[in-house]
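Q: give me a model of this one.
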Amino acid sequence: MLVLADAEKGALWYFKQMDSAGLAVAGVLLICSFIGWGAMIGKWSDVQELRRRNHAFERRLRDEPSVVALNFPRGSNLGPYEFLVAEAVSAVQRHKGRLVRQSDVTLCMGHVENAIQRGVSRTMVKYEDKMVLLSSLVSGGPFLGVLGTVWGVMVTFGALTEKASIAQLAPGVCGALVTTTLGLLVAIPATFGYNYLLTQVKIMTTELDNFASSLADRVELELEGEARRNFEAAQERERLLRAAAPAAAANVAPAVAPVAQEPPAALPGWEDAQ
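A: Numbers count the residues shown, from 1 in each chain. Predicted structure coming up:
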């Protein structure tokens with residue numbers, strides 16, 4: 001609200017003292033003000049929704065027996081944490097059925113970590129959405145207002161005659177100062193809103209990095225368990241084949257005298273196969 005020097009002079013009087021260029025600048029600043037408030041309210045709503053979805057999914061993930069067994073339908077609207085898990089699961093699926101040794105797990109985890117890092121980068125772009133707009137309003141609003149003021153003052157002084165009085169000068173200067181006031185009204189709320197939202201984005205970024213790190217650790221542990229089970233299953237199949245081989249040979253040639261054989265060597269364990 002403008003401070004009135006005279007009860008008869010309201011805000012409309014000051015606008016009437018402006019020329020067409022000043023009115024154009026004032027119109028742009030009013031539009032910027034509406035855009036800034038809309039961006040701040042929209043961004044605050046987005047931040048609250050994203051954090052709610054992240055925390056809800058993180059609580060649900062604690063009860064899941066296996067992360068790599070999760071399924072995310074194509075085209076579904078995923079939150080940031082869900083998107084990271086979907087990227088990790090997609091990377092694991094490319095190695096499905098080929099995890100037997102520790103080297104296989106290491107190769108797969110390299111792809112998983114790259115997928116998680118790409119997911120973090122894409123999510124950061126979403127987190128920082130609308131922040132550039134607010135930053136531009138914070139820095140550009142006052143400059144645009146000063147531009148309108150300088151232009152108005154320049155036009156006012158250029159139209160003065162040698163016998164001009166303060167009464168002739170004052171209305172033009174008052175009209176020119178309106179754009180500076182509007183520029184500050186745009187920048188001041190945007191500054192407070194930008195600083196608050198930037199703090200929230202930084203907190204969410206830290207939470208995202210921590211979740212990505214814990215996700216990679218959990219996926220690696222699950223992959224090591226799967227590879228160990230696959231290795232033990234392969235060992236068991238090999239034992240059965242070795243045990244069945246002498247019986248099959250005896251059935252094929254029963255008249256041939258058995259030849260003394262050395263006992264089969266012990267199969268390597270999971271730790272030896274690493």
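Q: what's the local residue count around residue 155?
A: 16 (other CB atoms under 10 Å). For the C-beta atoms, the positions are set from N, CA and C on the backbone; glycine is no exception.
Q: same deal with residue 63?
A: Residue 63 has 6 neighbours, counted by other CB under 10 Å.
Q: how many neighbours does residue 65 have?
A: Residues near residue 65, counting by other CB under 10 Å, number 6.
Q: tell me the contacts of residue 17?
A: By CB atoms under 8 Å, 6 or more residues apart in numbering, the contact list for residue 17 reads 171, 172, 174, 175, 178.
Q: can you check residue 106 too?
A: So residue 106 contacts nothing (CB under 8 Å, 6+ apart).
Q: pLDDT score assigned to it?
A: For residue 106, the pLDDT comes out at 86.
Q: same question for residue 47.
A: 92.
Q: quick check: closest non-adjacent residue to residue 194.
A: For residue 194, ignoring the flanking residues on the chain, the nearest one in space by CB to CB, 6 or more residues apart in numbering is residue 134 at 4.3 Å.
Q: measure the one you found to residue 195 for me?
A: Noted for residue 134: a distance of 10 Å to residue 195, by CB to CB, to the nearest Å.
Q: between the two, which one's more packed in?
A: More crowded of residue 134 and residue 195, by other CB under 10 Å: residue 134, with 22 against 11.
Q: which other helices and strands does the helix or strand in which the more buried one is found contact?
A: For residue 134, the enclosing helix or strand under DSSP states H and E is helix 131-158. Contacts defined by 3 or more CB pairs under 8 Å, 6 or more residues apart in numbering; DSSP states H and E place helix 131-158 against helix 20-62, helix 166-252.
Q: centre of the chain to it, how far?
A: From the chain centre to the centre of helix 131-158 is a distance of 33 Å (CA atoms, centre = their mean, to the nearest Å).
Q: cool, and stretch 234-248?
A: That offset, for stretch 234-248, works out to 53 Å (CA atoms, centre = their mean).
Q: just the C-alphas of that stretch, formatted as CSV.
A: The C-alpha coordinates for stretch 234-248 follow below in CSV (Å, rounded to 0.1, in the frame of the first residue of the first chain):
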residue,chain,number,x,y,z
ALA,A,234,25.2,-75.2,-9.7
GLN,A,235,27.5,-77.1,-7.3
GLU,A,236,24.6,-79.4,-6.3
ARG,A,237,23.8,-80.1,-10.0
GLU,A,238,27.4,-81.0,-10.6
ARG,A,239,27.5,-83.3,-7.7
LEU,A,240,24.4,-85.1,-8.9
LEU,A,241,25.9,-85.4,-12.4
ARG,A,242,29.1,-86.9,-11.0
ALA,A,243,27.3,-89.3,-8.8
ALA,A,244,25.1,-90.5,-11.7
ALA,A,245,28.0,-90.9,-14.1
PRO,A,246,29.5,-94.2,-12.6
ALA,A,247,26.0,-95.8,-12.5
ALA,A,248,25.3,-95.0,-16.1
